[in-house]
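*Asks:* Quick one, what's the 3D model for this:
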Amino acid sequence: MIDIKFLRENPEAVKENIRKKFQDNKLPLVDEVIELDKQSRQAKGEADALRAERNKYSKQIGALMGQGKREEAEAMKKLVTEKGDELAALEKKEAELSERVKTIMMTIPNIIDPSVPIGKDDSENVEVQRYGEPVTPDFEVPYHTEIMERFCGIDLDAARKVAGNGFYYLMGDIARLHSAVISYARDFMIDRGFTYCVPPFMIRAEVVTGVMSFAEMDAMMYKIEGEDLYLIGTSEHSMIGKFIDTITPEKELPYTLTSYSPCFRKEKGAHGIEERGVYRIHQFEKQEMIVVCKPEDSPKYFDVLWQNTVDLFRSLDIPVRTLECCSGDLADLKVKSIDVEAWSPRQQKYFEVGSCSNLGDAQARRLKIRVNGEDNNKYFAHTLNNTVVAPPRMLIAFLENNLNADGSVNIPVALRPYMGGKEKLTPCK
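*Replies:* Residues are numbered from 1 along each chain as shown. Okay, here's the model as predicted:
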């Protein structure tokens, strides 16, 4: 959410930003919110004046009563009551206008960074750099669930009976590999100076609307019936929510945190839940990283975050590339975003395994995450997030890139301590 003062003073810049995101249907909202904001401030001014006037009259009542001027005091009481009714109507109007302004402001997209390439959708994202040589094996690489089935490591049919499509049972070496990757990612981030955290897996509505746009909320979040609670789609949600309505001394920044959680997603409006795959699913586990920092430091930490993911995947012998998200592919709260994509030998192309985002002060403004500067002036922090690793999607890249012709899977040196020292997995089928 951008600053209403910025929008008020720079309406054309806000409109141009909307055009860059190819959301022309939102252009009228700028003029609408300016008019509503004007009415809201006018109502507030009138209410403040009326409140002062009522307080003045209230003080006079006591003086009149003390002077024995009962009749005049009663008349003044009646006037105070009338002013009170008028004030109540103004306060109601002010609250309604403020809520309408807030709703529209939460719909207008954040100002994107000047470096973001302009494009309509993800087909126009721009490759930045490749890390590692993409492998093209001289044998056929099976579909990822076929590889898992050869290790007796997955049961989609049973999961479908229990929960429906988009769920899975992982077993044996594949389940162990899944947990090993998560544990390795946790220690990898701790070694890089991040504080480990296990957050709440449910959050209240005010946190949901603070960390994401309404469109994302509708497409992703599972609501707990009868409760003001949602299942998290990523631990970023509850991790950023940890700082709601706080004022942090500037000297304590940055906060660099890495968090584990299960994640739950409706995947509404996505390309569909695969019946035989685990690429797009309703439930998965994830290691995340977030940063809360001073505004001038967010570009630096943006680069730190995506580089961490690249380094982790390369330590597991998986070739990756970074992809700059274009303006039309950015969610409304994001200032800038880079996707990390892993190489798929089977498909002979890259696919997304992580997304690094700088949200500027958008989340902080919504959740009132403030910083107390050295001069005692308060300002909104910047927030950033990135995926460290998210199996089982990451397992697809791992299995394909470490698969041998005989069906066995190599365990990279870095992961062996988490796999009981095993150097290779041998299929049971």
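
*Asks:* Give me the helices and strands touching the helix or strand containing residue 52, please.
*Replies:* Residue 52 belongs to helix 27-66 when assigned by DSSP states H and E. Counting contacts by 3 or more CB pairs under 8 Å, 6 or more residues apart in numbering; DSSP states H and E, helix 27-66 is packed against helix 4-9, helix 11-20, helix 70-105. Backbone N, C-alpha and C define where each C-beta goes, glycine included.

*Asks:* and the last one with helix 27-66, angle?
*Replies:* Regarding helix 70-105 and helix 27-66, their directions subtend 160 degrees when assessed with axes from the mean of the first three to the mean of the last three CA atoms, to 10 degrees.

*Asks:* Do me a favour and average the pLDDT over the helix or strand just after helix 70-105.
*Replies:* Next in sequence after helix 70-105, counting helices and strands by DSSP H and E, comes strand 126-131. Strand 126-131 carries an average pLDDT of 97.

*Asks:* And the next helix or strand after strand 126-131, what's buried?
*Replies:* Once the chain leaves strand 126-131, the next helix or strand it forms, by DSSP H and E, is helix 144-150. Applying a neighbour-count criterion of 16 or more other CB atoms under 10 Å, one finds 144, 145, 147, 148, 149, 150 buried in helix 144-150.

*Asks:* Closest one to residue 102 out of these, please.
*Replies:* For the buried residues of helix 144-150, the residue nearest residue 102 by CB to CB is residue 144; the value is 44.3 Å.

*Asks:* Tell me, how many residues neighbour residue 206?
*Replies:* Using other CB atoms under 10 Å, residue 206 has 13 neighbouring residues.

*Asks:* name the element it belongs to?
*Replies:* Under the criterion DSSP H and E, the helix or strand holding residue 206 is helix 205-211.

*Asks:* In a markdown table: the buried residues of helix 144-150, plus distance to residue 425 and pLDDT.
*Replies:* A markdown table is the format used below for those (distance: CB to CB, whole Å; pLDDT from 0 to 100):
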| residue | distance to residue 425 | pLDDT |
| --- | --- | --- |
| 144 | 14 | 95 |
| 145 | 16 | 95 |
| 147 | 10 | 96 |
| 148 | 11 | 96 |
| 149 | 13 | 96 |
| 150 | 10 | 96 |
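
*Asks:* Can you pick out the most distant pair from these?
*Replies:* Greatest spatial distance among these (CB to CB): 144 and 150, at 10.9 Å.

*Asks:* how far away is the closest residue to residue 149 other than its chain neighbours from residue 403?
*Replies:* Excluding its sequence neighbours, the residue lying closest to residue 149 (CB to CB, 6 or more residues apart in numbering) is residue 429, at 7.0 Å. For residue 429, the distance to residue 403 (CB to CB, to the nearest Å) stands at 14 Å.

*Asks:* Give me the more crowded residue out of those two.
*Replies:* Set residue 429 next to residue 403 and count neighbours by other CB under 10 Å: residue 403 wins out with 23 against 8.

*Asks:* Bridged to the more buried one, which residues?
*Replies:* On the basis of DSSP bridges, residue 403 is bridged to residue 409.

*Asks:* Paired strands for whichever strand or helix holds residue 356, with orientation please.
*Replies:* Using DSSP H and E, residue 356 sits in strand 349-358. Strand 349-358 has the following strand partners under DSSP bridges: strand 336-344 (antiparallel), strand 382-389 (antiparallel).

*Asks:* now, of the ones you listed, which is deepest in the fold?
*Replies:* Stretch with highest mean neighbour count among those: strand 382-389 (a mean of 27; mean count of other CB atoms under 10 Å).

*Asks:* Dump the strands paired with strand 349-358 to TSV, plus distance to residue 174 and mean pLDDT.
*Replies:* Output for the strands paired with strand 349-358, formatted as TSV (distance: least, CB to CB, whole Å; pLDDT from 0 to 100):
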stretch	distance to residue 174	mean pLDDT
strand 336-344	18	97
strand 382-389	15	97
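
*Asks:* closest to residue 36 out of those strands?
*Replies:* That would be, of the strands paired with strand 349-358 and by CB to CB, strand 382-389, which comes in at 27.3 Å.

*Asks:* The helix or strand just after that closest one: which residues count as buried?
*Replies:* Tracing the chain C-terminally past strand 382-389 and defining elements by DSSP H and E, one meets helix 393-401 next. Neighbour counts over helix 393-401 (16+ other CB under 10 Å) mark 393, 394, 395, 396, 397, 398, 399, 400, 401 as buried.
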